Structures are given as C-alpha cells and as structure tokens.
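A.B. asks: pasting the structure only:
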DNA sequence: TTGATATATTCCCATAACGGAATATACTCG
DNA sequence: CGAGTATATTCCGTTATGGGAATATATCAA
C-alpha cells in the first residue's frame, strides 16, 4: 500500500504548508481570487491552482465564478474533525493540574530510573522539588 | 519538488490515520510497549515500528527501554502547533453569530445562482448587485 | 474577430511514502 | 553457550506527490 493521497482526508490536505497558508488567507471570511493567492504565496500560478484543487476535493474551499475570476472562500466546518481530534489533548497544555500531574509522573519515572542506574553509587537524596 | 516527508512536521506525521491511532492510544498518559500497539492496530510489527519511528523523529513520542521492551509515551506538547493553528478557526463552529452569518452569506450566493440560472426565463435585470 | 488576461489541466521527473517479506539487533532465560 | 522473545532495520514494488513547463479553456476588451 502506498502513501494515502492528499485528498483522502482533511488531515492529509492540510499537511502541506502552502495549503495551510491558503486556508489562513481565507480565514477572515473574505473571498480571494487566484491571482491574489499567487501573489501572496510567491508560487507559480499552476502550482496554486493545483493546491486549490486539493482543497476543493476535500471540501475545504468552495469556488464561484465572478467574470473571469474564480473567487475562493473557506468552508470552515470541514476543519472541525481536526479540531475535535486535537481537542482531546488540550488538557495537556491548558489544564494546569493535569500538566503538573504529568510532570510529576514523569519525574517519578525518571527518578526510579536514576535510582536504578545510580544504585551502585551513593544513594544521595536528590528530592529537591522546586515546585512549579 | 516532491511531497514533503512525513517527518518534516507534526502536521505531516499525523496525516496518517494509523499514527493518529497510536497517538490516541497514548493519550491517557500510559506507556505502551510495541506489542500492545501491534495487537490493537492489527498491523504487522514492522509497520508499527516504522510508524513509531516517524512519531519519534518529530518528537511526538518518547521511548525508554524496560528490559527487552520499549515503552512509548506521548509527548503532548508537540501537538500544540496543530492546536494553535486550528484554534484560529474555532470561532466558525463555536460562535453562533458567525455561523449564522456564514449560512446567510451562502444562502445569498445560492439565490444569486438561482436567479442567474432562471434569468433565461424572464429577461430580468441581471445587474442586481447584492452589495454583500 | 483578434488579442490579452485569469485560471485549470496535462505531462514530466525526482522523491518518498506504505506495507510485505526477510533479516538484524537486543535482551532474557535455561 | 543456544533458543526464544521483542523490536528495529533493510530491500522491494506500487503509488502519488509537488513543482516546472507547456498548453488548454474561459472571459474580457477593443
């Protein structure tokens, strides 16, 4: 089995930094035409059109014609699965208690490892917990 | 330029569903050895080890030896860039006003499209600028 | 119509993915 | 030591990428 295609999921689509830049540029709800994106990205126009094609296929952006321009707009709800997934880990950097607990558990493990490694040395009490 | 490597960023690393599953399995702070992950994922052991190698390279997981086992643990802080990025779009599904506004704008566009499609019926003035 | 502008599509190529299969390494036990 | 278990690494083949270059399509303008 080869690598999953960029259009196989939103996660794959946004793995590419240029495509995240495009998404960022549409984050204010503004519509932008391709030329504007080309100028901001500094990429050749065909490359930008191809990235937009990927974003279109996963539903992250929508287009509509306006004269000879194509106006792209963000479809933010398609980003929700990413949000929902990452949200499961938010506590690790949001919840003080959780992170303190994490750190404590980790320190406990490291100390255990140290003790084991240093058990042929002098078992000095290194338990100076600086707190916070 | 070819596709960016899976270890080029956390975004690329978590684009792969199996790797997200691994991350999920470590989300509770437990350490797991490779065999446990193999059993849960239903993948051959070498495949799992390779995925773990990717996660290691981007710093998403850390290992430490315990006898002949390798215990893997999550490094949640490495997920923060993803969280920070996606957070910029949270308002779209959190803020009621914003989503209502979005829906309204979209409906307006659809109506415009309808009007245009139906304009071969009655020659209506097509220059109805909705002023958005 | 002809020409110019805006965007998409196609072909090419170097790169690298992912899983399969086989093998290598590391540690434990007897 | 050798056998067995746990994990990592290497080689392979299929697949798809992303940009470059050239071209196709669509729309406007004169």
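C.D. replies: Cool, got the structure. Computed from a predicted model, the values in this text were never measured in an experiment. Numbers count the residues shown, from 1 in each chain, chains lettered A, B, ... in the order given.
A.B. asks: Now do the helices in chain A.
C.D. replies: Assigned by DSSP state H, chain A shows helices spanning A:10-13, A:17-25, A:34-41, A:45-57, A:80-87, A:91-94, A:96-118.
A.B. asks: For chain A, which residues are neighbours of DNA strand D?
C.D. replies: Residues of chain A lying close to DNA strand D (Cβ under 7 Å from any atom of the strand) are A:1-3, A:5-7, A:15-16, A:18, A:43-44, A:46-47, A:50-51, A:54, A:65, A:67-68. Every C-beta, even on glycine, is put in place using the N, C-alpha and C of the backbone.
A.B. asks: Need phi/psi at residue A:26.
C.D. replies: Per-residue torsions, residue A:26: phi -100, psi 10 (degrees, to the nearest 10).
A.B. asks: give me the number of residues near it?
C.D. replies: Other residues within reach of residue A:26, judged by other Cβ atoms under 10 Å in any protein chain shown, total 21.
A.B. asks: Wondering if stretch A:67-75 reaches DNA strand C at all.
C.D. replies: Yes. Judged by Cβ under 7 Å from any atom of the strand, stretch A:67-75 comes into contact with DNA strand C through A:68, A:69, A:70.
A.B. asks: Show me which residues of chain A are close to chain B?
C.D. replies: Contact residues (Cβ under 8 Å from any Cβ of the partner chain) of chain A with chain B: A:3-4, A:6, A:9, A:11-12, A:14-17, A:20, A:24, A:27, A:29, A:64, A:76-77, A:79-80, A:82-83, A:85-90, A:92-93, A:102, A:105, A:109, A:113.
A.B. asks: Drop the exposed ones from the residues you listed and show what's left.
C.D. replies: With neighbours counted by 16 or more other Cβ atoms under 10 Å in any protein chain shown, those contain buried members at A:6, A:9, A:11-12, A:14-16, A:76, A:79-80, A:82-83, A:85-86, A:89-90, A:92, A:102.
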